[in-house]
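Peer 1: predicted coordinates and the sequence they were generated for:
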2 protein chains.
Amino acid sequence: MLSQKTRYTIRALQHLADCWQQGVVRLDAIAEEQNIPRKFLTVILSEMVREGLVVSHRGRDGGYELALPPVDICYGDIIRLTRGSLALVPCASRNAHETCANCLPEADCRLRGLMLTLRDEMAAMLDRITLADPITVEAPFAETGMAQMSAKSEAAEPI
Amino acid sequence: MLSQKTRYTIRALQHLADCWQQGVVRLDAIAEEQNIPRKFLTVILSEMVREGLVVSHRGRDGGYELALPPVDICYGDIIRLTRGSLALVPCASRNAHETCANCLPEADCRLRGLMLTLRDEMAAMLDRITLADPITVEAPFAETGMAQMSAKSEAAEPI
DNA sequence: TCTCTTGTCTACTTATTTTGTAGAGATAAA
DNA sequence: TTTATCTCTACAAAATAAGTAGACAAGAGA
């Protein structure tokens, strides 16, 4: 699972992407519209500033904006930044590899083999979709009967 | 990330798959060969028995074996059993849907849209590969220069 | 039947991670 | 100089994960 913090981060960045080139956005505006605890959001956005994804402006009329055009920020990068890795198992990370505790030697671990393949497949998708992509949202499960989703995101087609 | 417990579970099941139709396997044998804390493994295997994936035999000469042929147990099912869901976000689960706390209405949440697509892609892979599939393991990162992996698993080809 | 081996179950303990909050500072505009 | 903003470190509380204890049940064989 993505942690709550990672989810907040992504939604905050989506919000900034939506406001791209419309001036800075105040923290309180993001917190309110995205339903994120204000104090927690200060921590999150400060981290994003340190990581270079967001630029802040202090003082009166201050706020935040993306440091890059939304099209240059992909979901894979955001998740790697906040969570360290895309992989579902530490030994299958290509960016933050760590050997697992209490495991077999890596060369023998089939779980690792599987998770590496999965990681690569996830990366192929998450590195392709950016904050500029529109994403169509399937209706909630309760109300409907599934799947209107699937498309593969070329240019500006709904995902 | 998959929890340590989920990883132990998968490796224990892989071990039982390897011993399929060779008689029961004692808990201690699994614990030793798979490097899993013995007491913790009792909890894990008891759960698998309750879930119907494993059959146990008590008393002297007792042990465990898979309840089904390895080819009928896919990784997707194992992860769903141990973890509740394949999805990376509770609101994107198709089996254990839950609305996220502090979120937008589901119909407006682009993160959910993205995570649904990702979930379906992960499921397509994890529901196809079973405990009977051989899985080739890429050499550990430290020793080599990446990627010998990728294949898509048809029939009994290495994954 | 007795005993030994092996699995079962419930309840705990401990460690780690996650989620948030407090509060004193820095800075920029008016 | 005042006020609206962001910044930073540290802490607290809650939730989750990992692992252990220990009494119990059951089957095989002497």
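Peer 2: Okay, I see it.
Peer 1: quick check: residues of chain A near DNA strand D?
Peer 2: Proximity of chain A to DNA strand D, by Cβ under 7 Å from any atom of the strand, involves residues A:26-28, A:42-43, A:45-46, A:49-50, A:56-64, A:101-102. For the C-beta atoms, the positions are set from N, CA and C on the backbone; glycine is no exception.
Peer 1: which ones among those map onto helices?
Peer 2: Within the residues of chain A next to DNA strand D, membership in helices is found for A:L27, A:D28, A:T42, A:V43, A:L45, A:S46, A:V49, A:R50, as judged by DSSP state H.
Peer 1: list the buried residues in the lengthiest helix in chain A.
Peer 2: Under DSSP H, the helix in chain A containing the largest number of residues is helix A:110-126. Buried positions in helix A:110-126, judged by neighbour count with 16 or more other Cβ atoms under 10 Å in any protein chain shown: A:110-123, A:125-126.
Peer 1: and chain B, which of these reach it?
Peer 2: Among the buried residues of helix A:110-126, the residues lying close to chain B (Cβ under 8 Å from any Cβ of the partner chain) are A:110-118, A:120-122, A:125-126.
Peer 1: how about these in TSV, adding distance to B:D72 and pLDDT?
Peer 2: Shown next, in TSV, are those (distance: Cβ to Cβ, whole Å; pLDDT from 0 to 100):
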residue	distance to B:D72	pLDDT
A:R110	18	97
A:L111	19	98
A:R112	23	97
A:G113	21	97
A:L114	17	98
A:M115	22	98
A:L116	24	97
A:T117	21	97
A:L118	21	98
A:D120	26	98
A:E121	23	98
A:M122	26	98
A:M125	28	98
A:L126	31	98
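Peer 1: follow-up on the earlier one: and of the buried residues of helix A:110-126, the nearest to B:T130?
Peer 2: Taking Cβ to Cβ as the measure, B:T130 sits nearest to A:L114 out of the buried residues of helix A:110-126, at 10.9 Å.
Peer 1: can you report how many residues lie near A:D133?
Peer 2: Using other Cβ atoms under 10 Å in any protein chain shown, A:D133 has 21 other residues around it.
Peer 1: secondary structure element for it?
Peer 2: In this structure, A:D133 sits in neither a helix nor a strand according to DSSP states H and E.
Peer 1: likewise for the one 5 residues further on?
Peer 2: A:E138 belongs to no helix or strand when assigned by DSSP H and E.
Peer 1: ok, A:F40 next?
Peer 2: Using DSSP H and E, the element containing A:F40 is helix A:38-51.
Peer 1: got the CA positions of that helix in PDB?
Peer 2: Backbone C-alpha positions of helix A:38-51 (Å, rounded to 0.1, in the frame of the first residue of the first chain) are rendered in PDB as follows:
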ATOM      1  CA  ARG A  38      -2.800  21.500   7.400                       C
ATOM      2  CA  LYS A  39       0.200  20.900   9.700                       C
ATOM      3  CA  PHE A  40       1.000  17.600   8.000                       C
ATOM      4  CA  LEU A  41       0.900  19.200   4.600                       C
ATOM      5  CA  THR A  42       3.600  21.700   5.700                       C
ATOM      6  CA  VAL A  43       5.900  18.800   6.400                       C
ATOM      7  CA  ILE A  44       5.000  17.200   3.000                       C
ATOM      8  CA  LEU A  45       5.500  20.300   1.000                       C
ATOM      9  CA  SER A  46       8.700  21.200   2.700                       C
ATOM     10  CA  GLU A  47      10.000  17.900   1.700                       C
ATOM     11  CA  MET A  48       9.000  18.400  -1.900                       C
ATOM     12  CA  VAL A  49      10.800  21.700  -1.900                       C
ATOM     13  CA  ARG A  50      13.900  20.100  -0.600                       C
ATOM     14  CA  GLU A  51      13.600  17.400  -3.300                       C
END
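Peer 1: columns distance to DNA strand C on top of the ones next to chain B among the buried residues of helix A:110-126, output as TSV?
Peer 2: Listed next are those as TSV, based on distance: Cβ to the nearest atom of the strand, whole Å:
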residue	distance to DNA strand C
A:R110	22
A:L111	19
A:R112	19
A:G113	24
A:L114	22
A:M115	17
A:L116	21
A:T117	24
A:L118	19
A:D120	23
A:E121	23
A:M122	18
A:M125	22
A:L126	18
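Peer 1: thanks a lot, catch you later.
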